[in-house]
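# quick check, what structure comes out for this input:
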Amino acid sequence: MNEEKDFRIMEIKFFDPDFYDFILRYGFNLIIAFLLLKFIYRADKKNKNYAFTFYVFNTLIFFLCYLMNNIKLDLGFAFGLFAVFSILRYRTISIPLKEMTYLFLVIGIAVINALTTKKVSFVELMFTNVTILAITYLLERLWYKEGLSERVLEYEKIENIKPQNRELLVQDLRDRTGLDIREVEIVQTDFVRDLARVRIFFKDK
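Prediction:
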């Protein structure tokens, strides 16, 4: 009987009862990440691919933290591991500040749910995750944008993106779209083609 219980592959136990804890934790973590990205995160169609990155990072960080939680790492290795993530960046495109914030959110959620010990109750863990979701929702939907709808447009009057022409830009977009535009953000500029991508926030009637 003892031989069956101690059956190993590559010196790793074939099965451990902690596997059920692993599955429950990951399921809970994935639900929180899904709620954050599906119902709170707001992205235009050209930024939908970021959601793929967020889910993959959340899963990767959760697995890494959980599986290495019981391993005693020397100080140098631990610092090296976090240094890798600290210098991680995409060199092909620049990540907008908002998407970078969500990236840190999904990483933080994964670390919290993977490394929470038995000293923390489930109620405390649930409160932490719900608070993160609630604050993000409040800031994303209710505070800064006041429930405004958004859309990304290509705009050819490149001279209007100058700070001193802000009112001209907003008024021109209002006249063209017929929308009650409250705020405009410059997403990207292309001076070669004299085009700019602008994100407009408007009150949907």
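
# does residue 173 touch residue 183 like I think?
No: judged on C-beta atoms under 8 Å, residue 173 makes no contact with residue 183 at a distance of 10.7 Å. Placement of C-beta: from N, CA and C, glycine included.

# find the residues that touch each one of the two.
Common neighbours of residue 173 and residue 183 are listed as residue 200 (criterion: C-beta atoms under 8 Å, 6 or more residues apart in numbering).

# who's more crowded, the two?
Neighbour count, other C-beta atoms under 10 Å: between residue 173 and residue 183, residue 173 has more, with 20 against 14.

# using the three-state scheme, assign the nearest residue to that one once chain neighbours are set aside.
Nearest residue to residue 173, sequence neighbours excluded (C-beta to C-beta, 6 or more residues apart in numbering): residue 181, at 5.5 Å. Three-state call for residue 181 (DSSP: H, G, I helix; E, B strand; the rest coil): strand.

# give the bridge partners for residue 181, please.
In this structure, residue 181 bridges to residue 202 when assessed by DSSP bridges.

# quick one, grab the pLDDT at it.
Listed pLDDT for residue 181 reads 86.

# correct me, but it touches residue 198?
No: using C-beta under 8 Å, residue 181 is not in contact with residue 198; the gap is 10.0 Å.

# after the helix or strand bottoming out on mean pLDDT in the chain, which helix or strand is next?
Ranked by mean pLDDT, DSSP states H and E, the helix or strand of the chain with the weakest confidence is helix 2-5, at a mean of 49. Note on helix 2-5: by DSSP states H and E, the next helix or strand toward the C-terminus is strand 8-9.

# ok, back up a step: now do the shared contacts for residue 181 and residue 198.
With C-beta under 8 Å, 6+ apart as the test, residue 181 and residue 198 both reach residue 173.

# looking at the residue nearest to residue 182 when sequence neighbours are not counted now. What's its pLDDT?
Setting aside the residues directly before and after it, residue 182 is nearest to residue 201 in space (C-beta to C-beta, 6+ apart), at 5.4 Å. Residue 201 is assigned a predicted lDDT (pLDDT) of 82.

# how close does residue 201 get to residue 124?
According to C-beta to C-beta, to the nearest Å, residue 201 and residue 124 sit 36 Å apart.

# the two: which is more packed in?
Set side by side, residue 201 and residue 124 show more neighbours around residue 201, with 19 against 11, by other C-beta under 10 Å.

# isn't the more buried one up against residue 152?
No: under the criterion of C-beta under 8 Å, residue 201 makes no contact with residue 152, lying 10.8 Å away.

# what's the neighbour count on the residue lying closest to residue 180 once chain neighbours are set aside?
Once flanking residues are discounted, residue 180 sits nearest to residue 203: 4.5 Å by C-beta to C-beta, 6+ apart. If you count neighbours by other C-beta under 10 Å, residue 203 ends up with 12.
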